[in-house]
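> Have a look at this prediction, sequence included:
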Amino acid sequence: MSSQSSRLAKHPDLSAEPPDRTEFEGLVQSGANLLKDAGNTSLSMESRFDLAYNAAFVLSNAALRYHGFRASKRNVVFQILEDTLGLKPTVWRVLAHAHNARNRSEYEGASDVNERMLKDLLTAATAVAKTIGDLPPLK
């Protein structure tokens, strides 16, 4: 077991589950579609934020599934991007911040989305998408 897999296996919010190529490819395609739609500047900033957040989540979840794990908590897929895709904390911190903003919006009705946050989220989600695209094919 690689040190990466060993760290994932020890995480309390992850459970091992064999990767499924069809599921992985479906998640990647869904994430790519969401990310493309998030780039549509004719949509409201809040809609674009939701699309970009969901793209980042789906793609980060695909990376986790690629490695044979499933998360019991939504935000975990962002926290472990260094282990699943080798992405630096600068990426996953943006995604964690977006996760918190999403929760405030959905549970408290407080929208603090701004242009900078959206731009940073799109950049981070694009980094996740690019890195997933560089993974060897799942057998």
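Ah, there it is.

> How about residue 59: what's its closest non-neighbour residue?
residue 31 (3.7 Å; Cβ to Cβ, 6 or more residues apart in numbering). Yep, even glycine has a C-beta here, placed from its N, CA and C like the rest.

> that's a helix at that neighbour, yeah?
Yes - counting by DSSP: H, G, I helix; E, B strand; the rest coil, residue 31 is found in a helix.

> Next, the contact list for residue 31, please.
In this structure, residue 31 makes contact with 55, 56, 58, 59, 62, 125, 128, 129, 132, judged by Cβ atoms under 8 Å, 6 or more residues apart in numbering.

> if we go to 6 Å?
55, 58, 59 (Cβ atoms under 6 Å, 6 or more residues apart in numbering).

> Can you tell me the element residue 35 falls in?
helix 21-38 (DSSP states H and E).

> Using CSV, list the CA coordinates for that helix.
Extracted in CSV, the C-alpha atoms of helix 21-38 (Å, rounded to 0.1, in the frame of the first residue of the first chain):
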residue,chain,number,x,y,z
ARG,A,21,-14.4,3.0,-14.0
THR,A,22,-18.0,3.8,-15.2
GLU,A,23,-18.8,5.7,-12.0
PHE,A,24,-15.4,7.6,-12.2
GLU,A,25,-15.9,8.5,-15.8
GLY,A,26,-19.5,9.6,-15.2
LEU,A,27,-18.4,11.9,-12.3
VAL,A,28,-15.6,13.4,-14.4
GLN,A,29,-18.0,14.1,-17.3
SER,A,30,-20.5,15.6,-14.9
GLY,A,31,-17.9,17.8,-13.3
ALA,A,32,-16.6,18.9,-16.7
ASN,A,33,-20.1,19.9,-17.8
LEU,A,34,-20.8,21.8,-14.6
LEU,A,35,-17.5,23.6,-14.8
LYS,A,36,-18.2,24.6,-18.4
ASP,A,37,-21.6,25.9,-17.4
ALA,A,38,-20.1,27.9,-14.5
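
> I'm done for today, thanks for sticking with me.
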